[in-house]
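**Q** Here is my input; please provide its structure:
(chains A and B)
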Number of protein chains: 2
Amino acid sequence: MSTAEGPGARAPGLHGRDHAVLTVADLGEEGLLARFAPLLPRAAGEVVGTGDDCAVLAAPDGRYAVSTDVLVEGLHFRTDWSTPEQVGRRAAAQNLADAAAMGALPTALTVGLAIPGTTPVAWVEGMVAGMGEACRECGAGVVGGDLVGGRAIVISVTVLGDLQGRAPVLRSGARPGDAIVHVGAPGRSAAGLALLSAGIGDGDAPGPQRRGQKPAPAGSPRALDVAATRAEARACLEAFRAPRPPLEAGPVMARSGASAMMDVSDSLLRDGDRIARASGVILDIDEPGRGRGALASAMASLVPVARLLADDEAAAAAIARTWVLTGGEDHGMLATVPAEILGAPAGGTDGLPDGARVIGHVRAAGDGESPGVRVGGRVPETGFGWDHFGG
Amino acid sequence: MSTAEGPGARAPGLHGRDHAVLTVADLGEEGLLARFAPLLPRAAGEVVGTGDDCAVLAAPDGRYAVSTDVLVEGLHFRTDWSTPEQVGRRAAAQNLADAAAMGALPTALTVGLAIPGTTPVAWVEGMVAGMGEACRECGAGVVGGDLVGGRAIVISVTVLGDLQGRAPVLRSGARPGDAIVHVGAPGRSAAGLALLSAGIGDGDAPGPQRRGQKPAPAGSPRALDVAATRAEARACLEAFRAPRPPLEAGPVMARSGASAMMDVSDSLLRDGDRIARASGVILDIDEPGRGRGALASAMASLVPVARLLADDEAAAAAIARTWVLTGGEDHGMLATVPAEILGAPAGGTDGLPDGARVIGHVRAAGDGESPGVRVGGRVPETGFGWDHFGG
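**A** Predicted coordinates for the structure are as follows:
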């Protein structure tokens, strides 16, 4: 496997010609599409479904939300790291989350798929099934798409959403005094990617011990720790491979009166910075390494996972903190919320969706201060996370 | 250039690292997106534009049409055959045509773009400008998208359309007795591709003579023929590189009462067959090699272009006929129309859009006869044209 191609080098053999395996080229476009149909749920608002030049969807409130996201084999997923079902779920999830982050109910996807002719039909069917499953769970349908050849697998998904009569929740609405609220488990996806990059997968990860350690006797505190670490590591791997964004939290947050919202695609810092700049304010996110807040707790649960990759306790803490702040692709909901809609007692989240946690506050930019993100009151010392070209 | 990769092998040098050229990786995602913004028209029904998790579009009649199409470098276009503007125009055109073929007004595109980091920024800007220009001409906007790395250029476009209160025109509505109507120049795109595949481009195509012929004296009949051939060949090259589908014909045809409609993506035969099977009827398309109808005329104008590639007159005629019947990517509008809406005299097209021509008729399938396409009353002897995997 070539390291020059980064974390997503092609799975050995997936596109290799094996005459025992039915490939995309064997079946052809129409044959493949016929196999997909039973895997894909219909949209509730479907007026015309797949099979014509366009699908036609109902827009009950006279508007609709739309967004497009692309996943590339070798860059966003690896076929030797994820099952096809996981890849499909991930492709769907990151788009569904975009609709939810506007406060919209995701209603439908269309899918543009470029795949090498040598790809096994079973892989593509699995991917489509995973996508269909993620849609079914939130009531969305798959209403169309295109299927073409290509050198690597590229999955371009467009999501359509229904605002249900509400105003869309933009990035630009955060106001001084708002609380910053997050729903999700920040850093888990980045931790999952780090584990896979270090060669730690399901079978061995986290093994009963790090290299050189002895297994803990059953029932000992270390054995408990190992079991908890294993569960957390599994959750991290799953978050990377097949994220399950808190989609229902988007519309609930919109109903509650959230002033700004995004799903965390790139990182808490980068996406928080986008809200801050669009709104002309400072988003001051709690320092994960301090106190007992939601981010401290997220970091604490990642430290045992980070230990699998770190030489000492300080390094493990630093890694876990980096995952929480700069890890992308969690697709948690990041919102700002006027203080008055937080439930009593002060700082509570009664009016907000399940799992909502306050992770900071919004303040006005001072004299000569540029709008942007802060961590524990300070300008972040590190990069913000993911850029698609490393630029 | 590898022939194993077919008609779209990578342009020599486009992705090669040339340190004098500003590349996508140099600029990064946000830098690129900032450059695109001024190139892209806004949609008329734009409630929220680019820059948030989703765009929000108005759906005045409570429904909207949506479709996704993918273009892959090396398969659908070659960067040494087409300018970036042409590639962008083509990507937009084939999607805009899908909306028009439902009878909808295309209102907006979203674009999912995978591009190697080594791609020159100027190429991507040109492509986006071509896309923007095609949208501007028909009143559509570009409301969002995604930009990621990749091994080859993949352009996935989603079109959104407004049915303006009309019923969508499906594939399944053709009825016995309907006329088959086409708007466009069938075969031109296939002829353009054939010219480029034979190494005949703008500079030399069609040159003043075929290899071995002497130039014609100015003013001679052959010189006139050469000039006409050159003009037609240029039109063919342009139709392949940057098609301009008759978008306005779609809604006009829908208003006129067309019973079924598609844009010709794959070929008259394949797309005609799709309408026939969806409608449970026979679509009998005129034999282009006979009579004086619209297809005979389309074939006649392609014969001089085919001569540039053929050994004798019979071969040229056969090639031109194949282009007309099995050539794809013209994106003309192919519709069936109840006889009563054809204008007087019988067979006229007064009620139909400019350029509409009758090219056949619909009849019921006889006993034991399967619905499908016919040419001059006979089952077509050849393949139907394009399949994306050659399957």
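
**Q** now the strands for the stretch 151-300 of chain A?
**A** Along the stretch 151-300 of chain A, counting by DSSP state E, counting those that start in this stretch, strands occupy A:154-162, A:179-183, A:260-263, A:281-285.

**Q** quick one, which of these is nearest to chain B?
**A** Put simply, out of the strands of the stretch 151-300 of chain A the one that sits nearest chain B is strand A:154-162, at 3.4 Å, with distance taken as CB to the nearest CB. The C-beta positions use only the backbone N, C-alpha and C, and glycine is treated the same way.

**Q** how about that closest one as CSV, C-alpha atoms only?
**A** Extracted C-alpha coordinates of strand A:154-162, given in CSV (Å, rounded to 0.1, in the frame of the first residue of the first chain):
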residue,chain,number,x,y,z
VAL,A,154,-16.1,9.1,-5.9
ILE,A,155,-19.5,9.5,-4.1
SER,A,156,-21.2,12.9,-4.5
VAL,A,157,-24.4,13.2,-2.5
THR,A,158,-26.9,16.0,-2.6
VAL,A,159,-29.3,16.3,0.3
LEU,A,160,-32.7,18.0,0.1
GLY,A,161,-34.5,19.2,3.2
ASP,A,162,-37.8,20.6,4.4
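
**Q** thinking again about what came up before, just the strands of the stretch 151-300 of chain A: most buried one?
**A** Most buried of the strands of the stretch 151-300 of chain A, by mean neighbour count (mean count of other CB atoms under 10 Å in any protein chain shown): strand A:154-162, with a mean of 30.

**Q** Could you give the average pLDDT over that one?
**A** Mean per-residue pLDDT for strand A:154-162: 98.

**Q** Paired strands for that strand, with orientation please.
**A** Paired neighbours of strand A:154-162 in the sheet (DSSP bridges): strand A:63-72 (antiparallel), strand A:105-114 (antiparallel).

**Q** so can I have TSV of those showing mean neighbour count, mean pLDDT and distance to A:P176?
**A** Listed next are those as TSV, based on neighbours: other CB atoms under 10 Å in any protein chain shown; pLDDT from 0 to 100; distance: least, CB to CB, whole Å:
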stretch	mean neighbour count	mean pLDDT	distance to A:P176
strand A:63-72	27	97	27
strand A:105-114	28	97	30
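
**Q** Give me the below-cutoff pLDDT ranges for chain A.
**A** A:1-19, A:203-224, A:344-350, A:382-391 (pLDDT under 70).

**Q** By residue count, which helix of it is the longest?
**A** Secondary structure of chain A read by DSSP state H shows that its longest helix is helix A:221-241.

**Q** Give me the contacts around it.
**A** Judged by CB atoms under 8 Å, 6 or more residues apart in numbering or on different chains, the contacts made with helix A:221-241 from elsewhere in the structure are A:77, A:81-83, A:86-87, A:90, A:185, A:188-193, A:195-196, A:200-202, A:205-206, A:208-209, A:216-217, A:301-302, A:304-305, A:307-308, A:329-330.

**Q** so how far is the first residue of stretch A:35-46 from its last?
**A** The first and final residues of stretch A:35-46 sit 20 Å from each other (CA to CA, to the nearest Å).

**Q** can it be found next to chain B?
**A** No - using CB under 8 Å from any CB of the partner chain, we find that stretch A:35-46 stays clear of chain B, coming within 8.6 Å at best.

**Q** what about the helices in chain A?
**A** Along chain A, counting by DSSP H, helices occupy A:24-36, A:84-100, A:121-138, A:188-197, A:221-241, A:249-256, A:268-279, A:294-307, A:313-326.

**Q** Throw these into a markdown table and include distance to B:E133 and mean neighbour count, thanks.
**A** Converted to a markdown table, those look like this (distance: least, CB to CB, whole Å; neighbours: other CB atoms under 10 Å in any protein chain shown):
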| stretch | distance to B:E133 | mean neighbour count |
| --- | --- | --- |
| helix A:24-36 | 30 | 17 |
| helix A:84-100 | 27 | 28 |
| helix A:121-138 | 33 | 22 |
| helix A:188-197 | 39 | 24 |
| helix A:221-241 | 40 | 18 |
| helix A:249-256 | 35 | 24 |
| helix A:268-279 | 29 | 24 |
| helix A:294-307 | 47 | 22 |
| helix A:313-326 | 39 | 21 |
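
**Q** Dump these to a markdown table, plus distance to A:L342.
**A** A markdown table is the format used below for these (distance: least, CB to CB, whole Å):
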| stretch | distance to A:L342 |
| --- | --- |
| helix A:24-36 | 45 |
| helix A:84-100 | 21 |
| helix A:121-138 | 26 |
| helix A:188-197 | 25 |
| helix A:221-241 | 27 |
| helix A:249-256 | 9 |
| helix A:268-279 | 18 |
| helix A:294-307 | 13 |
| helix A:313-326 | 22 |
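
**Q** closest to B:R363 out of those helices?
**A** Closest approach to B:R363 among the helices of chain A is made by helix A:24-36 (24.7 Å; CB to CB).

**Q** Check which helices and strands the closest one is in contact with.
**A** Counting contacts by 3 or more CB pairs under 8 Å, 6 or more residues apart in numbering or on different chains; DSSP states H and E, the secondary-structure elements packed against helix A:24-36 are helix A:121-138, strand A:141-148.

**Q** can you redo these as CSV with distance to chain B?
**A** Converted to CSV, the helices and strands packed on helix A:24-36 look like this (distance: least, CB to the nearest CB, whole Å):
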stretch, distance to chain B
helix A:121-138, 11
strand A:141-148, 5
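
**Q** now the ones you listed as CSV including distance to A:V181?
**A** Conversion of the helices and strands packed on helix A:24-36 to CSV gives the following (distance: least, CB to CB, whole Å):
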stretch, distance to A:V181
helix A:121-138, 21
strand A:141-148, 30
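
**Q** Which one of these lies nearest to B:R274?
**A** Comparing the helices and strands packed on helix A:24-36 under CB to CB, the one sitting nearest is strand A:141-148, at 14.7 Å.

**Q** From the chain's centroid, how far away is the closest one?
**A** From the chain centre to the centre of strand A:141-148 is a distance of 22 Å (CA atoms, centre = their mean, to the nearest Å).

**Q** same question, stretch A:57-77
**A** With CA atoms, centre = their mean as the basis, the distance from the averaged C-alpha position of stretch A:57-77 to the chain average is 14 Å.
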